[in-house]
Every structure is written in structure tokens, then in C-alpha cells.
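In: got a sequence here, can you build the structure:
(2 chains)
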Amino acid sequence: MSESHLLTTASHPHPGKLIIVEGIDGSGKSTQLQLLHKWLESKGHKVFFTEWNSSELVKETTKRGKKSKSLTPTTFSLLHATDFASRLYHQILPPLKAGMIVLADRYIYTAFARDVVRGVANEWVRKLYAFAIKPDMAFYFNVPIEVAISRLLRGTRGQFKYYEAGMDMDLSPDVTESFRLFQSRILAEYDKIVEEYGLLTMDATLEIETQQEHMRALVEAALRGYKPRRGTYGRRTLFWRRFEVPKSE
Amino acid sequence: MADARFFGDGLKYLNPSDLKGKLIAIEGTDGVGRTTHLEMLQEWLEVQGYGVMTTGWTRSNLMSKTIEVAKAGNILDRWSLSLLYATDFADRLEHQIIPALRSGFVVLADRYIYTAFARDFVRSADRTWIRNVLGFALIPDLVCYLRIDVETLALRVIETTGMNYWESGMDLRLGGDLYDSFKKYQSLLIGEFDKMAPEFRFNVVDARKSPEEIQNELRGYILPVLQNHKPPSGTKAVPS
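Out: Numbering: from 1, shown residues only, chains lettered A, B, ... in the order given. This next block holds a predicted model:
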């Protein structure tokens, strides 16, 4: 491990497949991943889903830090890396070792883009995540900033979240304007990352079904030769229930 | 600390050149007496008129609770464990250590990043990653290392606090017995500290000596560091 850029070359040795999506908020990446999830399951695959910043331990801390507005670019970055490490170890690696398909909504590239915009060193954040494994497929949903903004304003949320809009960076007192400035910088970082790590760029302005069709075709081609693990239909819980003492008696 | 520098990729958004204070780190394994000596040093410095701030491992506002919860779970992987400590350190660095140095305080650090280096190394046999991660740390003006042999340490810990799960490195599965595991784990840590001593220019203090002798030795190392750093209400006239 003399250099940190293992990621650009080495593939993981596990029998499963890791498919990840990247893109700014409002790019539609989560919708596309959900549709892919449905399709994979309908084809009989065992699929495990995981998303960015979702492990319980770290989520609480991040929430606390955000509330007190005491997070710095470095602690912000480190907390997300801790969350990722914990999910990699507990959620991503076991299903991959078991030969399952793992779908991840956002991966380390999110950190590379966001954290650098927030002010940490480009090299540092890449070294920080040197323990990550390289995904088998990485999709980047590319969308112009105005399209993302109109989608988000139109959507169920109707407004931007404080950190999503980069309000902590004092770019503009106006939330929409701050979002525009912050996410534009993130888009610029993503452009570099796409090249550096060879992410598959998807045109996220196309119709949902057109994008999904394209995505499924790419995944199908990539899964050729992959031996799916059929499920056990969760019999284990039934097995244990046999030993329970009936409550009514 | 006019020439304050970072170990590696530093905090780009921060200018370390205006840090007037001094950063002094006391390193050493669990139970070696660091905390006692830090208290005595603080007292000694304050009597002389220096502003002193102490900072200790896992004592950040952001992380101390989280780390406790995580350790209670006992299921942490190496990366999460090291990253939790790194986050704690970053929070203290940016919210306590750097502001204090900027205001001219003498900052006494009870453990510094070398503890993280040693602990991560014994869990991974890889020295690169954690050093890269903690590249944003400031290089201290002085590091004193309280060195002890594992036999003396084991006796001392049993006499005082007793051995616990983490200080015995039980997560490493070095053996089922607490005492054996403690000795194996602490020898690994001491071995790693010994290797770092010349690399990072630690001032090694023999922690088997009497507390008075140790304290005098520590003061002997600290005095020259403070020589061009006048106490705020110093009686000696130092031209500014």
C-alpha cells in the first residue's frame, strides 16, 4: 500500500457484484437505482441495498454536529468516512462475500466531490478512503444544475436542506442561490472524478424509462458470466420460532 | 509556533502561521502516569503565568459520547475505530487546540496522534493509511514519551485501575485471558512507540523512575521550548 490509488485499478476478489450510483441531488439517481433493484429482484437475484450516511452510530453524531453547527470540513469528511467504513464492514462486504448483488446509493465519489468543495485537500480525501473496494459498476447521473433545481423545487421536498444547499459555506443568504453555487462546484468536481475513475456517465435529462432501459442493458451485459446466488427465503426465522413458548398458555 | 507545520495534507482552509502558543504532547501507553504528570505540569506552568489548556484523547464535544457507545458495542472494525478517534482528534484540533495556540496558550496534549498510529498499526500491520488520514495534525513543538516495560506496567495497572477490555486489546483476539492479552497488546504498543521514538524525535522519559524525577525531567525538556515564549504576566522584562 505505498500509493493510495488502488481504487483505479484493483477489482475486489469477492463473488458478488457491487453496483453504485452517483450524482448531485435532483439527478434522479435514487429513482433509477430503485427501478434497477426491482428489476434485479424480478430476475431472481438476491439484492442488498445500502445508502450514504445511514449507519445509526454516525448518523446520530452527524445530526448533533449539524445541529450545533460545529462541523468543520475535516470532521464532516471524517464522520462520513466512519459511516462508510462501518457500512463497508457490516453491510457491503458480507453480501459480496456471499455472492449477492449490492446496490449503493452514493459511494466514495460523493465524498471526493463534496468534501473537496467544502475545503479539504483533494489528495487527503482520496487517501482517507484507500480502504474502500472498487465497485464493479459505477454510474454517474449527469444533470445540468437548472434541471436539478427545478426537479427539487417541484418535488415532494419543495425546498432545499441546509447542508445540501451548502448554507454552511456562506455562499449566498438565498437558499436556492446557495444550492446553485454549491452544487455547481460539486458538478465540476464530478467531471474530474468521472475521468479519474472511469464512471459510466448517464444522461439524466432523458425520460426515466429511457434511462432505466439503458441502465438495465449495461447491467445485463456486465452480469453475463455472474452466477447468481438463489435465496434461502428467510427460513431461519421460522426455524427459531418453533422453540418459542406460546404466549397464550 | 511561527513555523507550525502539518504532518501531511493539512487543513487547506486554515493558516497555521499565526499560532503563537506551544503545543506539547505527552505520549505513553495506558496506565503509565501521563495524566498525573500533565496535572503537575499545568500547575507548574500556571504558577509561572502561562495560560495552559489541556486536551485529552476522546474528550471532544462532538465524539466523546459516540466513542463510548461504539466501544460498548465491542464490534468495531479497524477502520471505524481509527476513524472515530481521528474525528475526535480533528474536532479538538480545530475547536480547542488551534484556537488556544492562536491565543498564545501552552497546550498540553494527553496523548497525540502517535497513540492512533500505534493502535491502528497493531490492528492492521499497515503504517501508511492512518498516517495519511491524520496528515492534517499539527507537528507538536515537543513530544515527551513516558516509557515503561510491560512487566512494571502490568503490576502498576493491577494496583490502580485494573485491566479492562480495550486496554487489554481483547478485540484483537490475542488470547482469552485478560492478563495475557493485556501483556501481549501493551508490548505490541510499546514496541511501536519505541520504533516511532527516533522517527518523530520523542524525548524518552523512563516512567519507572519516581514521580519527582519524571516531573523534573519533563520540566527540563519543556523549559527550552518556552524560552522564546514569554509568560503573559512575566516579571522578567523581555523585549517584544
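In: which residue comes closest to the most centrally placed residue in chain B once chain neighbours are left out?
Out: Note on chain B: the residue nearest the mean C-alpha position is residue B:111, at 1.3 Å, using C-alpha atoms, centre = their mean. Computed as C-beta to C-beta, 6 or more residues apart in numbering or on different chains, the closest residue to residue B:111 that is not its neighbour in sequence is residue B:57, at 4.2 Å. To be clear about C-beta, it is placed using only N, CA and C from the backbone, and glycine gets the same treatment.
In: hang on, the residue nearest to the centre of chain B packs against residue B:56?
Out: Yes. Residue B:111 lies in contact with residue B:56 (C-beta atoms under 8 Å); the separation is 6.8 Å.
In: for the residue nearest to the centre of chain B, give me its contacts.
Out: B:25-28, B:34, B:56-57 (C-beta atoms under 8 Å, 6 or more residues apart in numbering or on different chains).
In: mind listing which of those residues are in helices?
Out: Of the contacts of residue B:111, the ones assigned to helices by DSSP state H are residue B:34.
In: out of the contacts of residue B:111, which are buried?
Out: Using 16 or more other C-beta atoms under 10 Å in any protein chain shown as the burial test, those include B:25-28, B:34, B:56-57 as buried.
In: which is the succeeding secondary structure element to the longest helix seen in chain B?
Out: The residue-count maximum for a helix in chain B (DSSP H) belongs to helix B:178-199. Heading C-terminal from helix B:178-199, the first helix or strand you meet, by DSSP states H and E, is strand B:203-206.
In: give the rounded mean pLDDT of that following strand.
Out: Model confidence over strand B:203-206, given as mean pLDDT, is 97.
In: what residues of it count as buried?
Out: For strand B:203-206, by 16+ other C-beta under 10 Å, it's B:204-205.
In: tell me the first helix or strand C-terminal of the one helix or strand in chain B whose mean pLDDT sits lowest.
Out: When each helix and strand of chain B is scored by mean pLDDT, DSSP states H and E, helix B:64-73 comes last, with a mean of 79. Counting by DSSP H and E, the next helix or strand C-terminal to helix B:64-73 is helix B:78-92.
In: what about the chain, any weak spots by pLDDT?
Out: You didn't say which chain, so I picked chain A. A:1-9, A:156-158, A:229-249 (pLDDT under 70).
In: hmm, no, I was thinking of chain B.
Out: If you take pLDDT under 70 as the line, chain B has these spans: B:1-4, B:74-76, B:230-240.
In: residue A:201 is in what secondary structure piece?
Out: Short version, using DSSP H and E: residue A:201 is in strand A:200-203.
In: in its sheet, what does that strand sit against?
Out: strand A:137-142 (parallel) (DSSP bridges).
In: who touches the strand it pairs with?
Out: A:17-23, A:27-29, A:32, A:107, A:109, A:190, A:193-194, A:197-204, A:211, A:215, A:218-219, A:222.
In: what about 6 Å?
Out: Contact partners of strand A:137-142, identified using C-beta atoms under 6 Å, 6 or more residues apart in numbering or on different chains, comprise A:19-23, A:27-29, A:194, A:199-202, A:204, A:222.
In: neighbours of residue A:72, how many?
Out: 22 (other C-beta atoms under 10 Å in any protein chain shown).
In: which residue ranges of chain A form helices?
Out: A:29-42, A:56-67, A:73-87, A:93-97, A:108-118, A:122-128, A:145-154, A:175-197, A:208-223, A:235-241.
In: give me the contact list for the second one.
Out: To tie it back to what came earlier, the one meant is helix A:56-67. Against helix A:56-67 from outside (C-beta under 6 Å, 6+ apart): A:71, A:79, A:82-83, B:62, B:66, B:70.
In: 10 Å instead?
Out: A:53, A:55, A:70-72, A:75-76, A:78-87, A:161-163, A:168, B:61-63, B:65-67, B:69-70, B:73, B:76, B:80, B:83-84, B:87, B:91 (C-beta atoms under 10 Å, 6 or more residues apart in numbering or on different chains).
In: check stretch A:149-156 too.
Out: Under C-beta under 10 Å, 6+ apart, the answer for stretch A:149-156 is A:24-28, A:143-144, A:157-161, A:164-165, A:176-177, A:179-180, A:183, A:204.
In: can you do 6 Å?
Out: By C-beta under 6 Å, 6+ apart, stretch A:149-156 touches residue A:26.
In: now do it: distance to the chain's middle.
Out: Taking C-alpha atoms, centre = their mean, to the nearest Å, one finds the center of stretch A:149-156 at 20 Å from the center of the full chain.
In: in it, what counts as buried?
Out: Buried, per 16+ other C-beta under 10 Å, within stretch A:149-156: A:149, A:151-152.
In: could you pull up phi and psi at the residue positioned nearest the centre of chain A?
Out: Compute the mean C-alpha point of chain A, and by C-alpha atoms, centre = their mean the closest residue is residue A:106, 1.4 Å away. When read as degrees, to the nearest 10, the backbone of residue A:106 gives phi 80, psi 140.
In: what does chain A have sitting close to chain B?
Out: Listed as neighbours of chain B in chain A under the rule C-beta under 6 Å from any C-beta of the partner chain: A:1, A:57, A:61, A:65, A:72, A:74-75, A:78-79, A:81-82, A:85-86, A:89, A:119, A:121, A:123-124, A:127-128, A:130-131.
In: any idea how far chain B is from residue A:40?
Out: 27 Å (C-beta to the nearest C-beta, to the nearest Å).
In: quick check: buried residues in the least confident helix or strand of chain B?
Out: Buried, per 16+ other C-beta under 10 Å, within helix B:64-73: B:66-67, B:70-71.
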